[in-house]
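Trainee: What follows is a predicted structure for the sequence shown.
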Amino acid sequence: MSWSVRGLNAPAKRSAVREVAEAHRATILCLQETKLETWTQAYVCDIGGLALEGCAVLPAIGTRGGAVILWNKNVVCVDTHAIGCYSITAKVSKTQGDDSFWLTTVYGPTDDTRKEDFLAEMVRAAPPMGEPWMINGDFNVIYEARDKNNLNLNRRLMGRFRAALDRAHLREIKCKNRRFTWTSECQDPTMVSIDKVFCNTEREALFPAHMLLAASTAYSDHCPPVLANSAAPRKRPIFKFESFWPRFPHFQEAVQRAWQRPVNHEYPITRLKVKMRRTAADLKIWARTLFSDAKAQFHLACEVMLRLDVAQERRSLTPTEFQLRRQLKQRLLGLAAIERARKRKASRISWLRAGDAKTAFFRLRSTPRGVKTTFTLCRPIQSLMSLMKTRQRLHTSTSATCLAPGSAELAL
């Protein structure tokens, strides 16, 4: 998944990126225009969560540019990576299997005077011949006239970009559901396809069943292209029990009503399965009445945003649709902030601060665990009885010596 996020300084924006990445179950997340000059472990946890722990960063210059690659260490591993002026190149390999490829994410400059250097760096990032390579990101330049919805084109830069792609032996992976990936956010917008994914023939032969689809723009003005295996089976949603539910009223009543309903089946295991399924369904309904479902509203707003983005490519939006799209972009950040606050409220450890997840937190939690797992050496009962008899004899002999005549002179 690749996304030009237009800055990650606000916690609500980081939460929104995390929600979108988790919804698409991203294994590798490439972000451009982060506008972060310094990165901390707290930023990685806010964006990647528990899944995306690996990180390679291209720092921003002040509040301009910047890029980052996050990956799931349980699925893929990055053997080596190189940081350029406009790009990050990494060698990615699967943890289970021998498949590996080169991955480059770029953020092209908006200044036309620096685009020549950007294209030259893109060509230099190409791996040796015969090795799979994929490049994605916000290029800020096009190579075809159909990638823009008007005729305000820079033909010279288009030719340079096309020549650079030919020298690097790259071909574009076409998006299946969107024509443009950026919009100027106005009533009569300028739309351009500048967020692209390219690969060479070796990378295309390595993963032939992959398909590129564009997700919703969410709060940004760029839509994120998502490259996924079209043949992969989708997982069914599972029930997740929140540990803080028993502290709220009417929880016990909801569980008791679901559990006491009769089940007409002769096998105990089947009756238990039905009761557990009924309890999970009733708890879902109970939780919806008690808590605001900000996460579902967030993804519903993203879906409506995607429908409006697709409609905007074919026709001009009505004033009502344009106003709705603008309000949804503002609402998305608020919903992401609410979901972030709910997760912190649901945590059983309220003193945990941002960035402590792998430092002070584990040291403080591991110390009492070590004490709990320390056991005193227990001796056999015969050894304890002999030890008690020996101590009793020593005590008796010492008392007799001290009470004997002349013992005081002997002691002196």
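Mentor: Received, thanks.
Trainee: what about the helices in the stretch 101-250 of the chain?
Mentor: Assigned by DSSP state H, counting those that start in this stretch, the helices in the stretch 101-250 of the chain fall at 115-124, 155-167, 201-206.
Trainee: Tell me which of those helices lies nearest to residue 87.
Mentor: Smallest distance to residue 87 across the helices of the stretch 101-250 of the chain (C-beta to C-beta): 6.1 Å, for helix 115-124. No exception for glycine: its C-beta is placed from N, CA and C like everyone else's.
Trainee: can you state the direction angle for that closest one and helix 155-167?
Mentor: Using axes from the mean of the first three to the mean of the last three C-alpha atoms, to 10 degrees, the inter-axis angle of helix 115-124 relative to helix 155-167 is 10 degrees.
Trainee: what residues does helix 115-124 touch?
Mentor: If you take C-beta atoms under 8 Å, 6 or more residues apart in numbering as the criterion, helix 115-124 is touched by 84-87, 104, 106, 108-109, 135, 140-141, 157, 160-161, 164, 167-168.
Trainee: just the helices of the stretch 101-250 of the chain: most buried one?
Mentor: For the helices of the stretch 101-250 of the chain, the largest average neighbour count (mean count of other C-beta atoms under 10 Å) is found in helix 115-124, namely a mean of 17.
Trainee: I'd like to know which elements the helix or strand hosting residue 70 is packed against.
Mentor: Using DSSP states H and E, residue 70 maps to strand 67-72. Judged by 3 or more C-beta pairs under 8 Å, 6 or more residues apart in numbering; DSSP states H and E, the packing partners of strand 67-72 are strand 28-32, helix 41-48, strand 52-58, strand 76-83, strand 87-94, strand 100-107.
Trainee: Show me what the shortest one packs onto, helices and strands only.
Mentor: Packed against strand 28-32, as judged by 3+ C-beta pairs under 8 Å, 6+ apart, are the following elements: strand 2-4, helix 41-48, strand 67-72, strand 100-107, strand 133-138.
Trainee: in the stretch 101-250 of the chain, which spans are strands?
Mentor: With DSSP state E, counting those that start in this stretch, the ranges of strands along the stretch 101-250 of the chain come out as 133-138, 171-172, 182-183, 191-192, 195-199, 210-214, 225-229.
Trainee: could those strands go into CSV alongside mean pLDDT and mean neighbour count?
Mentor: Shown next, in CSV, are the strands of the stretch 101-250 of the chain (pLDDT from 0 to 100; neighbours: other C-beta atoms under 10 Å):
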stretch, mean pLDDT, mean neighbour count
strand 133-138, 93, 25
strand 171-172, 92, 14
strand 182-183, 90, 20
strand 191-192, 92, 18
strand 195-199, 93, 23
strand 210-214, 88, 18
strand 225-229, 88, 18
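Trainee: of the ones you listed, which approaches residue 318 most closely?
Mentor: Closest to residue 318 of those, according to C-beta to C-beta: strand 182-183, at 15.9 Å.
Trainee: Let me know the angle separating the strand holding residue 70 from strand 133-138.
Mentor: Interaxial angle, strand 67-72 versus strand 133-138 (the same axes, to 10 degrees): 120 degrees.
Trainee: Tell me which strands strand 67-72 pairs with, and in which orientation.
Mentor: Partner strands for strand 67-72, per DSSP bridges, with pairing direction: strand 28-32 (antiparallel), strand 52-58 (antiparallel).
Trainee: can you redo the ones you listed as JSON lines with mean pLDDT?
Mentor: Putting the strands paired with strand 67-72 into JSON lines (pLDDT from 0 to 100) gives the following:
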{"stretch": "strand 28-32", "mean pLDDT": "93"}
{"stretch": "strand 52-58", "mean pLDDT": "90"}
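Trainee: which of those strands is buried the deepest?
Mentor: When the strands paired with strand 67-72 are scored by mean count of other C-beta under 10 Å, the highest mean neighbour count falls to strand 28-32 (a mean of 26).
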